[in-house]
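Q: what would the 3D arrangement of this be:
(chains A and B)
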Amino acid sequence: MPTDIQQLTERYVLGKMSSDEAADFEALIQNDDDMRQQYEEHRILVQGAALRGKQLMKDRLRVIESRVNRSNKSRQSKGGWIVAILILGVLLLLAFFYFAKRPSTDELFNSIDRTYVWNGGTRDFADDKLIEWQQMYRDKRFQELLPILQKQSEQTPENGRLRLVVGICQMETGKLSDAREVFSSLIATENPRFSDLAKWYTALTFLQEDKIEQTKKYLQELADDPTADKHRDALDLLKNINHDN
Amino acid sequence: MEEVKIIEYLRANDDRKVDQAFEFLYEEYYPGIRSFILQKGGSAEDGADLFQDVLIVFYKKIRTSDFVLNCSLRTFLFAIVKNKWFNKVRKYKKESLVMDKIETEETIDEWAYLFNEDEDEDIKAAAKILQKMGGDCERILVYAFFNGMETSEIAAKMGYANEQVTRNKKSRCLKKLRILFRSFKARTV
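A: I've put the predicted structure just below:
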């Protein structure tokens, strides 16, 4: 087979001819049976080799594809871990700031102004006794005062003010259940003079025990009633508990 | 990797560079092209096959000396994908579809020689025979007719002393392939 027909065929099949050259070549093989036969055979060999190259390239691309997939999976997996660690870090940071900023119930309880004043007179006991007890109360001598007032209260159970002071003394000396019992009896009287204060101090007993839900329940009652005694204090304490200020 | 670099790597006769360029193309364009095929109702396997074909067309095209990329690589690759996909669909649906024109002076249809997938049985037989021949002959003829390497490039790649040695080798390989092919044809006729 002459080399030139081979070379022409190769250039034609591989698209290396200009359009004019290609047209000339097509005319050449069209008009010469022998030439056309040689072209046909050589075209098959050239295209066969090209096909073999394509098959080899496909094998190679399959290897590359799986290598890229493996590397992407590994990157995604690493990326997943990094994202998880970052999220965890952010959560820990948020938790840290949340709990670091959020005051404890002890801190909340101690932040409340508990200056106790017991004013006014009563016909239930002598003035000199009352003045002495009121002074003890202002001086926060609750431990000392409590048994005296409890005894007096048993004798004059209808004295709401005295019961409230007994309850406060119990609260301040850590007798929280006893204090709540007293406050509860005052709330039941529905006498707004004492029931609002009783609700407030009931809330404080629950706060000391870390019973936030019960604390909030009593505070909310005061917060919902703008005319209630301790309404403003209840709102402030609720805000601090909910940590939204 | 910049487009210029990709083309430079694919034009190089260095397998490592070619592989690096293909790896980049897989990472950058395969997910989008696979999604396109899935959206068009193809399977993941269709997507994988098609992307291989696209890379081969692209590889062969840029290895022709006069090739200039006149649009973004993405536009170029997607134009080939669409063309090949619609050709495949058309083959089954027997309907004519308007081909996307690539933003170059020529259209993809003008590259018919690159898309020729319907190799006839003779071509497949010749490929099979070459595969069986293996060795240097397989490499030389593949370099010449698939990779489009010049004789000097093949000589460098094969480690031959000069171009004449390469030409002689190539000629002998073609002769051997022709004999085996004729023998195959004689048996099958």
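
Q: flag the helix or strand of chain B with the lowest per-element mean pLDDT.
A: helix B:112-115 (a mean of 48; mean pLDDT, DSSP states H and E).

Q: I misspoke; the intended subject was chain A.
A: helix A:105-111 (a mean of 82).

Q: what's in contact with it?
A: Applying Cβ atoms under 8 Å, 6 or more residues apart in numbering or on different chains, the external contacts of helix A:105-111 come out as A:Pro103, A:Leu204, A:Leu207, A:Gln208, A:Asp210, A:Ile212, A:Leu237, A:Asn240, A:Ile241. C-beta coordinates here come from the backbone N, C-alpha and C atoms, glycine included.

Q: mind listing what's buried in that helix?
A: By 16 or more other Cβ atoms under 10 Å in any protein chain shown, the buried positions in helix A:105-111 come out as A:Thr105, A:Leu108, A:Phe109.

Q: follow-up on the earlier one: then the helix or strand following the least confident helix or strand of chain B to CSV, C-alphas only?
A: Next in sequence after helix B:112-115, counting helices and strands by DSSP states H and E, comes helix B:121-133. Output of helix B:121-133 as CSV, limited to C-alpha atoms (Å, rounded to 0.1, in the frame of the first residue of the first chain):
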residue,chain,number,x,y,z
GLU,B,121,-17.9,-4.2,13.6
ASP,B,122,-14.7,-3.9,11.6
ILE,B,123,-13.4,-1.0,13.7
LYS,B,124,-14.3,-2.9,16.9
ALA,B,125,-12.5,-6.0,15.4
ALA,B,126,-9.4,-3.9,14.6
ALA,B,127,-9.4,-2.5,18.1
LYS,B,128,-9.7,-6.0,19.6
ILE,B,129,-6.8,-7.2,17.4
LEU,B,130,-4.6,-4.3,18.5
GLN,B,131,-5.5,-5.1,22.1
LYS,B,132,-4.3,-8.6,21.6
MET,B,133,-1.1,-7.4,19.9
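
Q: the helix or strand just after helix B:121-133 close to chain A?
A: Downstream of helix B:121-133, the first helix or strand assigned by DSSP H and E is helix B:135-145. Yes. Contact of helix B:135-145 with chain A (Cβ under 8 Å from any Cβ of the partner chain) involves B:Glu138, B:Leu141, B:Val142, B:Tyr143, B:Ala144, B:Phe145.

Q: out of the residues you listed, which is most surrounded?
A: B:Leu141 (27 neighbours; other Cβ atoms under 10 Å in any protein chain shown).

Q: what's the closest non-adjacent residue to that one?
A: Take B:Leu141 and drop its neighbours on the chain: the residue closest to it by Cβ to Cβ, 6 or more residues apart in numbering or on different chains is A:Ala49, 3.9 Å away.

Q: that neighbour sits in which helix or strand?
A: Counting by DSSP H and E, A:Ala49 is part of helix A:33-101.

Q: one more: B:Asn147?
A: Counting by DSSP H and E, B:Asn147 is found in no helix or strand.

Q: show me what the helix holding A:Ala49 is packed up against.
A: helix A:3-13, helix A:19-31, helix B:15-39, helix B:44-62, helix B:121-133, helix B:135-145, helix B:163-188 (3 or more Cβ pairs under 8 Å, 6 or more residues apart in numbering or on different chains; DSSP states H and E).

Q: mind running it again at 6 Å?
A: On a contact count with 3 or more Cβ pairs under 6 Å, 6 or more residues apart in numbering or on different chains; DSSP states H and E, helix A:33-101 meets helix A:3-13, helix A:19-31, helix B:15-39, helix B:44-62, helix B:121-133, helix B:135-145.
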